[in-house]
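Novice: sequence below, structure please.
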Amino acid sequence: MAGDSGKYHFPMTYEEKFFFDNTRRTRPLLQFGITIKGHFSRDLVEQSLKLIVETQPIIRTRFSRVNGEVVRETFHPDEFPLRFFDLTEKDEKGALSAFVGQMNLDIFPIHLYDSLIKISAFYFAKDHCFLLITTDHIVFDWWSYEIFLREFVTFYETLKNEQPTAHLSIDFDLDKYIEKQRFMIENHYESSFLFWEKTLSEPPELLKVPTDHPRGDDTLFEMQWVPLFINEEIYAKIRRCCKANRVTLYVVLLTVINVMYALISKQRDIAIVCPVANRPGKELERLLGCFIGLIIIKNQVDTQESFGEFLKRVRDVAFETYEHQQIPTQLLGRNLERQGKSMSSSLFQVILDFNTQFYTLKTEDFEISQSLHEQVFLTENQAGPSFDFTWSLYDYETYLDGRLHYNGALFSEKSGKRFANYYVALMDLLLDNPDKPISELAELVHF
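Specialist: Residues are numbered from 1 along each chain as shown. Predicted coordinates:
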């Protein structure tokens with residue numbers, strides 16, 4: 001689709017519809033920085049970025065209304081506003097903060113009916129470039145950042161070697177993909193629909209955790225966060241636990257979070273939302289976009305069990321649930337509405353998001369790495385998905401680092417830190433005593 005001069009209208013994917021329908025009150029914007037250090041050519045950097053814009057239709061996407069229906073629209077690459085700024089010899093953090101403050105209205109606003117991705121390049125020295133990507137979650141997911149880096153390096157090396165780039169274009173027909181997605185869902189996933197119908201028809205009660213401010217029907221969402229860190233010692237225990245019980249690191253994190261909310265709320269039935277990549281075909285390997293799916297993993301916590309016993313149950317439940325991840329959450333909600341039901345808010349109270357470490361690539365000339373710079377650029381009008389708690393952890397191979405995002409309309413910063421610290425302390429205790437009853441261990445660490 002590179003070089004197209006007209007406008008092309010497509011229906012929205014199920015994933016886009018979900019984010020569109022569920023984030024009208026708060027736009028979940030994402031901001032990531034990409035650092036390039038080494039002996040690079042500015043000209044090739046800019047050409048590489050332009051080629052990414054040309055080959056990736058999602059970057060040239062906005063939404064419009066056609067006959068009353070919201071549809072995706074792709075526009076010509078020349079309409080995409082790539083920005084390049086020379087800030088040579090200036091302090092990176094100070095210069096970026098000041099610059100963004102001055103240009104706030106120009107860089108940050110993301111509107112559904114405008115370009116949903118903004119890319120700016122800042123040059124601080126001959127060997128130092130910083131790319132700032134601001135995007136709406138409706139068109140970009142975590143896996144897209146890794147793809148972005150790989151595509152950038154591929155284009156840069158191809159241009160550097162003076163090779164043609166035509167073969168690097170992406171042959172992807174969005175219309176056919178959406179048609180295939182809908183056909184498969186309507187004709188091949190009956191067992192998955194039955195699984196989710198049973199799962200969602202018996203939702204748990206809303207978690208009764210202590211809040212600092214009362215919850216009401218008109219409670220807004222105010223994203224706040226506190227640091228979340230799993231040190232090297234606890235990380236090593238997690239890895240030993242994974243090996244001994246043949247479970248993934250994510251299952252360990254998921255098991256602990258189930259135990260934690262069960263102990264705090266005095267409830268047995270716990271539902272945790274887990275993101276999945278949802279990129280089943282080779283056709284999506286190079287494609288930027290939001291294909292992420294959300295699955296709901298429900299468990300019953302029996303505190304008379306040991307952590308080791310419960311860990312295996314969580315593993316089995318998670319495995320079964322992942323087998324039915326093909327059904328989009330938005331479609332499940334629509335099916336419940338047809339039956340006169342709705343998806344309980346208790347199903348979307350807690351999300352556990354786990355990713356590998358920020359991606360780094362090295363070439364002969366430079367190193368390009370991904371880094372989170374949200375704390376520098378976060379503004380009040382930015383917000384994330386309206387879960388009460390979003391636990392985000394990143395694996396750095398010897399430790400875990402991340403954040404606990406919480407709803408500031410319900411919880412204070414002190415409470416946010418209290419939840420984060422309790423999670424880490426409880427994890428350490430459970431890993432040290434995998435064969436003792438959870439109820440017995442609960443007396444040793446207090447919320």
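Novice: what is the helix or strand hosting Cys241 packed up against?
Specialist: For Cys241, the host element (DSSP states H and E) is helix 232-245. On a contact count with 3 or more Cβ pairs under 8 Å, 6 or more residues apart in numbering; DSSP states H and E, helix 232-245 meets helix 249-265, helix 307-322, helix 413-432. In short, each C-beta sits where N, CA and C put it, glycine included.
Novice: right, so these: which one is the most enclosed?
Specialist: helix 249-265 (a mean of 22; mean count of other Cβ atoms under 10 Å).
Novice: what does it contact?
Specialist: 207-210, 238-239, 241-242, 267-268, 270, 272, 274, 297, 299, 301, 303, 307, 310-311, 314-315, 318, 350, 352, 354, 391, 393, 395, 422-423, 426-427, 430-431, 438, 442, 447 (Cβ atoms under 8 Å, 6 or more residues apart in numbering).
Novice: quick revisit: go through the helix holding Cys241 and flag the buried ones.
Specialist: Ile234, Tyr235, Lys237, Ile238, Cys241, Cys242, Asn245 (16 or more other Cβ atoms under 10 Å).
Novice: what's the answer for stretch 172-186, then?
Specialist: Applying 16+ other Cβ under 10 Å to stretch 172-186 flags Phe172, Leu174, Tyr177, Ile178, Gln181, Ile185 as buried.
Novice: so can I have CSV of the residues you listed showing pLDDT and secondary structure?
Specialist: Output for the buried residues of stretch 172-186, formatted as CSV (pLDDT from 0 to 100; DSSP: H, G, I helix; E, B strand; the rest coil):
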residue, pLDDT, secondary structure
Phe172, 80, coil
Leu174, 73, helix
Tyr177, 80, helix
Ile178, 78, helix
Gln181, 77, helix
Ile185, 77, helix
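Novice: now the closest residue to Ser415 other than its chain neighbours: phi and psi?
Specialist: Leaving aside its sequence neighbours, Ser415 sits nearest to Asp212 (Cβ to Cβ, 6 or more residues apart in numbering; 5.6 Å). With angles defined as degrees, to the nearest 10, Asp212 sits at phi -90, psi -20.
Novice: try Ala125
Specialist: The phi/psi pair for Ala125 (degrees, to the nearest 10) is phi -160, psi 170.
Novice: quick check: closest non-adjacent residue to it.
Specialist: Thr88 (6.1 Å).
Novice: before we move on, the earlier item: and which of the buried residues of stretch 172-186 is nearest Gly281?
Specialist: Nearest to Gly281 among the buried residues of stretch 172-186, counting by Cβ to Cβ, is Tyr177 at 8.5 Å.
Novice: what sits against Leu361?
Specialist: So Leu361 contacts Leu149, Arg150, Val153, Glu367, Ile368, Ser369 (Cβ under 8 Å, 6+ apart).
Novice: quick check: Tyr406 touching Gln224?
Specialist: Yes. Contact status for Tyr406 versus Gln224: in contact at 5.7 Å, counting by Cβ atoms under 8 Å.
Novice: so between these two, which is more surrounded?
Specialist: Under the criterion of other Cβ atoms under 10 Å, the comparison of Tyr406 against Gln224 puts Tyr406 first, with 25 against 17.
Novice: just to be sure, the more buried one is in a helix?
Specialist: No. Secondary structure assignment (DSSP: H, G, I helix; E, B strand; the rest coil) places Tyr406 in strand, not in a helix.
Novice: still on that earlier bit, what is the neighbour count of the residue nearest to Ser415?
Specialist: Other residues close to Asp212 by other Cβ under 10 Å number 13.
Novice: pretty sure it sits against Leu410.
Specialist: Yes. At 6.9 Å, Asp212 and Leu410 qualify as touching, with contact defined as Cβ under 8 Å.
Novice: hang on, the residue nearest to Ala125 packs against Phe122?
Specialist: No. Taking Cβ under 8 Å as the definition, Thr88 is not a contact partner of Phe122, at 9.9 Å.
Novice: looking at those two, which is more packed in?
Specialist: When neighbours are counted by other Cβ under 10 Å, Thr88 and Phe122 differ, and Phe122 comes out ahead with 22 against 12.
Novice: hang on, the earlier thing: which residues touch the helix holding Cys241?
Specialist: 230, 247-249, 251-253, 308, 311-312, 315, 398-400, 424, 427-428, 431-432, 434.
Novice: tabulate the CA atom coordinates of that helix in CSV.
Specialist: Output of helix 232-245 as CSV, limited to C-alpha atoms (Å, rounded to 0.1, in the frame of the first residue of the first chain):
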residue,chain,number,x,y,z
GLU,A,232,17.7,-10.5,42.0
GLU,A,233,17.3,-12.7,45.1
ILE,A,234,13.5,-13.1,44.6
TYR,A,235,13.9,-13.4,40.9
ALA,A,236,16.3,-16.4,41.4
LYS,A,237,13.7,-18.0,43.6
ILE,A,238,11.0,-17.5,40.9
ARG,A,239,13.2,-19.2,38.3
ARG,A,240,13.9,-22.2,40.6
CYS,A,241,10.2,-22.5,41.2
CYS,A,242,9.5,-22.4,37.5
LYS,A,243,12.0,-25.2,36.9
ALA,A,244,10.8,-27.4,39.8
ASN,A,245,7.1,-27.1,38.9
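Novice: got the angle for it vs helix 307-322?
Specialist: In terms of direction (axes from the mean of the first three to the mean of the last three Cα atoms, to 10 degrees), helix 232-245 departs from helix 307-322 by 70 degrees.
Novice: how far out from the middle of the chain is helix 232-245?
Specialist: Put simply, helix 232-245 sits 25 Å off its chain's centre (Cα atoms, centre = their mean, to the nearest Å).
Novice: next one: stretch 186-200
Specialist: 25 Å.
Novice: likewise for stretch 160-171?
Specialist: Distance, centroid of stretch 160-171 to centroid of chain: 30 Å (Cα atoms, centre = their mean).
Novice: which of the residues in it are buried?
Specialist: Per 16+ other Cβ under 10 Å, stretch 160-171 contains these buried residues: Lys160, Thr165, Ile170.
Novice: show me what contacts the residue lying closest to Val317 once chain neighbours are set aside?
Specialist: Excluding the flanking residues, the one nearest Val317 by Cβ to Cβ, 6+ apart is Asn299, at 5.7 Å. Each residue near Asn299 by Cβ under 8 Å, 6+ apart is listed here: Asn258, Asp269, Ile270, Ile272, Arg313, Val314, Val317.
Novice: can you classify Asn299 as helix, strand or coil?
Specialist: strand.
Novice: confidence score at it?
Specialist: Per-residue pLDDT puts Asn299 at 95.
Novice: try Pro11
Specialist: At Pro11, pLDDT is 62.
Novice: same question for the one 10 residues further on.
Specialist: At Asp21, the pLDDT value in this model is 62.
Novice: the worst-scoring helix or strand of the chain on mean pLDDT: what's the following helix or strand?
Specialist: Across the helices and strands of the chain, mean confidence by mean pLDDT, DSSP states H and E is lowest for helix 374-377: a mean of 36. Per DSSP H and E, the first helix or strand lying C-terminal to helix 374-377 is strand 389-395.
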